[in-house]
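Trainee: sequence plus the predicted model coming up.
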Amino acid sequence: MICNICPRRCAAERTERSGAGACAMPAGLRIARAGLHFWEEPCISGERGSGAIFFSGCNLRCCFCQNGTISAGGFGKAVSTNRLCRIMEELVSQGAHNINLVTPTHFTPWILEALNEPLGVPVVWNCGGYETVETLRTLEGKVQIYLPDFKYAMKEPALRYSRAADYFDYASAAILEMFRQTGPYQMEDGLLRRGVVIRHLVLPGQMENTRRCIDWVAEQFRPGDVLFSLMAQYTPQPDGPRELDRHVTGAEYRAAVEYMENCGIVDGFTQERTSAREEYTPPFDLTGV
């Protein structure tokens, strides 16, 4: 296939045996792990866990990615669409509150095939936010919960840290499309059944970017529309730039929380700074694949 699924629109030739383009993934599905996951937001993980399926590859190149083994390294196993269907059924039978598709964008056509039949639980599209509206529209009716990152509102850090200077343009349009599809969020017994959860990871020394992201969310949505998750779990990576070679300070995160509250964002989640631990990243060992 000639691929233009994501905003890179790199027209890469992806075959069954070789990958190209930004995601470096072949045609077909590649998965690194599938299992019950307990480290998402409480309304996603619940008590029994989210049925998380971690896909290999990514259309972003974030220098601080905690899942670099699979996102940049490409670790994983090729599976058929039928096998993905069975994996989802297995997770539901294990008690998963939802099916959580992690970094799925570059596999959208094959995932759509696997979502032909209702699963009995919500489907979560857990992505980096770097999406095209055209691709998202193919998911309408198949995905009940969107869980996008909203990493940047500024071009310079978007280019420097994720090689995507146009990140805000695409992510902002994508989030509005996600909300158009789901409408205001719907909760049942403490679990999200439908809606959008916007995640923002606070980066060291990047408070202006954080403030601008919060500003945009506050301007676009009213209370009751979306949930906002302000994340403190940034973990320095060995090959990251020097200015990101530390955790977010308590003062930085408190300032971000205060700014969010002052902007009127009351629906959502904040994290303890103890979330910035490597052990919160699951082992990518083909479990459940």
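Mentor: Arrived safely.
Trainee: where exactly do the helices run in the chain?
Mentor: Read by DSSP state H, the chain holds these helices, from start to end of the chain: 42-45, 68-71, 81-93, 108-114, 133-137, 155-162, 167-182, 207-220, 250-262.
Trainee: closest to residue 285 out of the ones you listed?
Mentor: Proximity of those to residue 285 was assessed by C-beta to C-beta; the nearest stretch is helix 68-71, lying at 10.1 Å. Any C-beta I mention is one placed from the backbone N, CA and C, and that applies to glycine too.
Trainee: and the closest one, how far out from the chain middle?
Mentor: Centroid displacement of helix 68-71 relative to its chain, using C-alpha atoms, centre = their mean, to the nearest Å, is 14 Å.
Trainee: what bridges to the residue nearest in space to the middle of the chain?
Mentor: Closest residue to the average C-alpha location of the chain: residue 127 at 2.7 Å, with C-alpha atoms, centre = their mean. Each beta-bridge partner of residue 127 is listed here, defined by DSSP bridges: residue 148.
Trainee: go on, residue 52?
Mentor: For residue 52, the beta-bridge partners are residue 35, residue 100 (DSSP bridges).
Trainee: correct me if wrong: it contacts residue 35.
Mentor: Yes: counting by C-beta atoms under 8 Å, residue 52 sits close enough to residue 35 to count as a contact (6.6 Å).
Trainee: output the below-cut-off pLDDT ranges for this structure.
Mentor: Using pLDDT under 70 as the threshold, the predicted model of the chain has low-confidence ranges 273-280.
Trainee: longest strand in the chain, by residue count?
Mentor: Here the longest strand in the chain is taken by residue count, with DSSP state E as the criterion, and it is strand 191-201.
Trainee: tilt between that one and helix 207-220?
Mentor: Compare the direction of strand 191-201 with that of helix 207-220 by axes from the mean of the first three to the mean of the last three C-alpha atoms, to 10 degrees and you get 140 degrees.
Trainee: quick one: strand 191-201 to helix 250-262, angle?
Mentor: Between the direction of strand 191-201 and that of helix 250-262, the angle (the same axes, to 10 degrees) works out to 130 degrees.
Trainee: pull the residues that contact strand 191-201.
Mentor: In this structure, residues lying in contact with strand 191-201 by C-beta atoms under 8 Å, 6 or more residues apart in numbering are 41, 43-44, 46, 97-98, 122, 144-151, 175, 178-179, 182-187, 210, 213-214, 217, 225-231, 233-234, 268.
Trainee: of residue 52 and residue 35, who's got more company?
Mentor: Counted by other C-beta atoms under 10 Å, residue 52 and residue 35 do not tie: residue 52 has more neighbours, with 26 against 21.
Trainee: now do the same contact list for that one.
Mentor: Neighbour list for residue 52: 33, 34, 35, 36, 37, 40, 100, 102, 126, 282 [criterion: C-beta under 8 Å, 6+ apart].
Trainee: OK, contacts around the nearest residue to the fourth one once chain neighbours are set aside?
Mentor: Meaning residue 36. Computed as C-beta to C-beta, 6 or more residues apart in numbering, the closest residue to residue 36 that is not its neighbour in sequence is residue 49, at 3.3 Å. By C-beta under 8 Å, 6+ apart, the contact set of residue 49 is 36, 37, 38, 95, 96, 97.
Trainee: pick the one among these closest to residue 170.
Mentor: For these, the nearest to residue 170 is residue 37 (26.4 Å; C-beta to C-beta).
Trainee: isn't the closest one right up against residue 287?
Mentor: No: using C-beta under 8 Å, residue 37 makes no contact with residue 287, being 10.9 Å away.
Trainee: more neighbours: these two, which one.
Mentor: For residue 37 versus residue 287, the count of surrounding residues by other C-beta under 10 Å is larger for residue 37: 21 against 12.
Trainee: from residue 156, how far off is that one?
Mentor: When C-beta to C-beta, to the nearest Å is the yardstick, residue 37 and residue 156 sit 33 Å from each other.
Trainee: now residue 52
Mentor: As for residue 52, its distance to residue 156 is 32 Å (criterion: C-beta to C-beta).
Trainee: what do you get for residue 73?
Mentor: When C-beta to C-beta is applied, the distance between residue 73 and residue 156 equals 27 Å.
Trainee: also residue 194?
Mentor: Distance of residue 194 to residue 156, given as C-beta to C-beta: 36 Å.
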